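Asker: model this:
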Amino acid sequence: MNRPLRWRPLRWGRVPRRRGDEPEFTLEWETTDATADDSIGALRENLATFQTLSVSGDGTLKASGAGAANLIELTKHVANPIATGGQPVVWVRMTFPDLTFTFFAILSNLSRSAPFDDVVTYSFEASATASDYGLIVEDTPSVVTPTSVTVTPATVSITEGATQALTATVGPAGAPQAVTYTSASNAVATVSAAGVVTGVAAGTTTITVRSATAPNVTATVSVTVTEP
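Answerer: Sure, this is the predicted structure:
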């Protein structure tokens, strides 16, 4: 198992973990002896009664990043869980390559460093508790690998100061749609993170549109900028 643990503390988003930090996941059943006097072969009959599920892990994040804000909110909640009736409960989602587990849990332990630099380390321990949903076990959806990027329009002709929005579609169907835009010459035309091209000066350049999850999958747009 070499996937990051994905867990959602209440509704604040996920706290990122370093790839390679292995979480501990333990699922157990308690049993009770229900053996009758006429047990065949004198074997004990054990019945499963209650389930115990615990998870723990640790990670590292940047103190100035978005994950740090999530960790701050989570720490405040665990220290003073007013929003959940005094119980430090959270929703936990743990994703393996084949299965995804989602459950309501008590966060019994949360530790974090107080560094002077930009790196924060943290660790946690959580145990499942009863909820209206119990333990939800689902197949982990397979990830569709991007194989192509199609951009509309394929060529752009604008004047200095004018703009043109690009629309990118990543194939095949179901592939992650996140892309990045890069201009070969910002002196001729710039492009925003949302794909809006702005003419700067007369000339030609190329905009490269790249799949965020498969950087080798790209498309290009030819841009011509003319004087007004």
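Asker: ok, and what's touching stretch 107-119?
Answerer: With contacts defined as Cβ atoms under 8 Å, 6 or more residues apart in numbering, stretch 107-119 is touched by 9, 56, 60-64, 71, 74-75, 78, 88-90, 120-127. Using the backbone N, CA and C atoms, a C-beta is placed for each residue, glycine as well.
Asker: who are the neighbours in contact with Ser131?
Answerer: Phe103, Phe104.
Asker: Checking it next. Helix, strand or coil?
Answerer: coil (DSSP: H, G, I helix; E, B strand; the rest coil).
Asker: Could you measure from it over to Thr26?
Answerer: As judged by Cβ to Cβ, to the nearest Å, Ser131 and Thr26 stand 19 Å apart.
Asker: right, and the helix or strand after the biggest strand by length in the chain?
Answerer: Using DSSP state E, we find that the single longest strand of the chain is strand 46-62. Heading C-terminal from strand 46-62, the first helix or strand you meet, by DSSP states H and E, is helix 66-79.
Asker: list the buried ones in that next one?
Answerer: Buried residues in helix 66-79, counted by 16 or more other Cβ atoms under 10 Å: Gly67, Ala68, Asn70, Leu71, Glu73, Leu74, His77, Val78.
Asker: mind listing what the second one touches?
Answerer: So that's Ala68. Here Ala68 is in contact with Leu61, Lys62, Val120 (Cβ under 8 Å, 6+ apart).
Asker: Next, the angle strand 46-62 makes with the lowest-mean-pLDDT helix or strand in the chain.
Answerer: When the helices and strands of the chain are scored by mean pLDDT, DSSP states H and E, helix 66-79 comes last with a mean of 86. Relative orientation of helix 66-79 versus strand 46-62 (axes from the mean of the first three to the mean of the last three Cα atoms, to 10 degrees): 130 degrees.
Asker: For Ala126, see how far away the residue lying closest to Tyr181 once chain neighbours are set aside is.
Answerer: Sequence neighbours aside, Val191 is the residue nearest to Tyr181 in space, at 4.3 Å (criterion: Cβ to Cβ, 6 or more residues apart in numbering). To Ala126, Val191 is 43 Å away according to Cβ to Cβ.
Asker: ok, now Ile72?
Answerer: In this structure, Ile72 and Ala126 are 18 Å apart, going by Cβ to Cβ.
Asker: related to what we said a few turns ago, strand partners (parallel or antiparallel) of the longest strand of the chain?
Answerer: Strand pairing for strand 46-62, using DSSP bridges, gives strand 24-33 (antiparallel), strand 119-128 (antiparallel).
Asker: what comes up buried for that strand?
Answerer: Leu53, Ser54, Val55, Ser56, Gly57, Asp58, Gly59, Leu61.
Asker: before we move on, the earlier item: let me have the buried residues of helix 66-79 in a markdown table, extended by distance to Thr205.
Answerer: Listed next are the buried residues of helix 66-79 as a markdown table, based on distance: Cβ to Cβ, whole Å:
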| residue | distance to Thr205 |
| --- | --- |
| Gly67 | 35 |
| Ala68 | 37 |
| Asn70 | 39 |
| Leu71 | 41 |
| Glu73 | 43 |
| Leu74 | 45 |
| His77 | 49 |
| Val78 | 51 |
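Asker: For Thr208, state which of those is nearest.
Answerer: Closest to Thr208 out of the buried residues of helix 66-79 is Gly67 (28.6 Å), distances taken as Cβ to Cβ.
Asker: wait, that closest one sits on Leu74?
Answerer: No: using Cβ atoms under 8 Å, Gly67 is not in contact with Leu74; the gap is 10.3 Å.
Asker: quick check: domain ranges of this protein?
Answerer: 24-139, 148-226 (automatic domain parsing).
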